[in-house]
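Asks: Can you look at this prediction? I've put the sequence above it.
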Amino acid sequence: GELPLESIDVDHGTLPAAVQQLKNTRRAVLGKGWWFNREVVTLTPDPDTGRITVPTDTLSIIPTDQSLMLAQRGSQLYDPVNATYDIGEPVSVDVVTDLAFDDLPENAKTYIAAKAVEQFNKDNEGDPAKLREAQRTVAEAYFVLSSEDIRQSRVNFLKRPSTAVRLNRIVGTSGRVYSR
């Protein structure tokens with residue numbers, strides 16, 4: 001039942017917890033990887049040590065060559081199969097990057113803010129009616145963000161290997177639809 005804050009410069013008892021919730025939510029949401037914070041880059045090892053340093057703003061990193069198993073340990077890439085940090089050669093990776101809140105697209109800001117409000121309400125045993133409203137807002141914002149991610153990522157289910165197998169069963173390798 002309190003009035004909303006006009007500025008984060010105001011001294012308020014719950015402000016530090018709310019700001020921390022927003023930061024935690026931002027990192028959790030961005031960790032999923034969206035069109036705006038996911039990119040493929042080639043990381044090059046140090047010529048003397050063979051070690052690959054991971055960019056400091058990396059939330060997750062996955063080799064594009066799925067036969068490679070590499071993990072991020074601290075600021076370095078690690079090869080758990082061979083138990084070494086000496087990677088020795090350049091590696092193409094899909095990197096999910098942490099971004100500042102102000103650098104995000106509006107639909108991402110909206111979703112993150114709504115999700116933070118919802119979680120803050122849950123954590124502080126807020127008004128059930130406000131929680132329901134927050135949950136509705138989160139669902140709407142997630143739908144908008146996910147829809148834009150699909151559009152921007154140019155997802156085409158016809159290019160998936162599992163779809164190709166199913167289509168091949170229907171059409172066959174000749175390209176003609178079977179008729180019985």
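Replies: Right, received. Where do you want to start? Residues are numbered from 1 along each chain as shown.

Asks: So, low pLDDT: which residues of the chain?
Replies: 1-13, 157-164, 167, 171-180 (pLDDT under 70).

Asks: in it, which spans are strands?
Replies: Counting by DSSP state E, the chain has strands at residues 38-43, 58-63, 71-73, 76-78, 91-97.

Asks: what about these, which gets the closest to Ala17?
Replies: Proximity to Ala17 (C-beta to C-beta) singles out strand 58-63 among the strands of the chain, at 22.8 Å. From N, CA and C alone the C-beta is placed, and that goes for glycine too.

Asks: angle of that closest one against strand 38-43?
Replies: Put simply, strand 58-63 runs at 70 degrees to strand 38-43, going by axes from the mean of the first three to the mean of the last three C-alpha atoms, to 10 degrees.

Asks: Which elements pack onto strand 58-63?
Replies: The criterion is 3 or more C-beta pairs under 8 Å, 6 or more residues apart in numbering; DSSP states H and E, and the helices and strands that strand 58-63 contacts are strand 71-73, strand 91-97.

Asks: one step back: out of the strands of the chain, which is closest to Phe120?
Replies: Closest among those, using C-beta to C-beta: strand 58-63, at 21.9 Å.

Asks: tilt between that closest one and strand 91-97?
Replies: Using the same axes, to 10 degrees: strand 58-63 against strand 91-97 is 150 degrees.

Asks: export strand 58-63 as CSV, just CAs?
Replies: Presented in CSV, the C-alpha positions along strand 58-63 are these (Å, rounded to 0.1, in the frame of the first residue of the first chain):
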residue,chain,number,x,y,z
THR,A,58,30.2,-13.7,-20.5
LEU,A,59,27.1,-15.4,-18.9
SER,A,60,27.5,-18.7,-20.8
ILE,A,61,29.7,-20.1,-23.5
ILE,A,62,29.2,-23.1,-25.8
PRO,A,63,31.5,-24.4,-28.5
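
Asks: just how off-centre is that strand within its chain?
Replies: Put simply, strand 58-63 sits 10 Å off its chain's centre (C-alpha atoms, centre = their mean, to the nearest Å).
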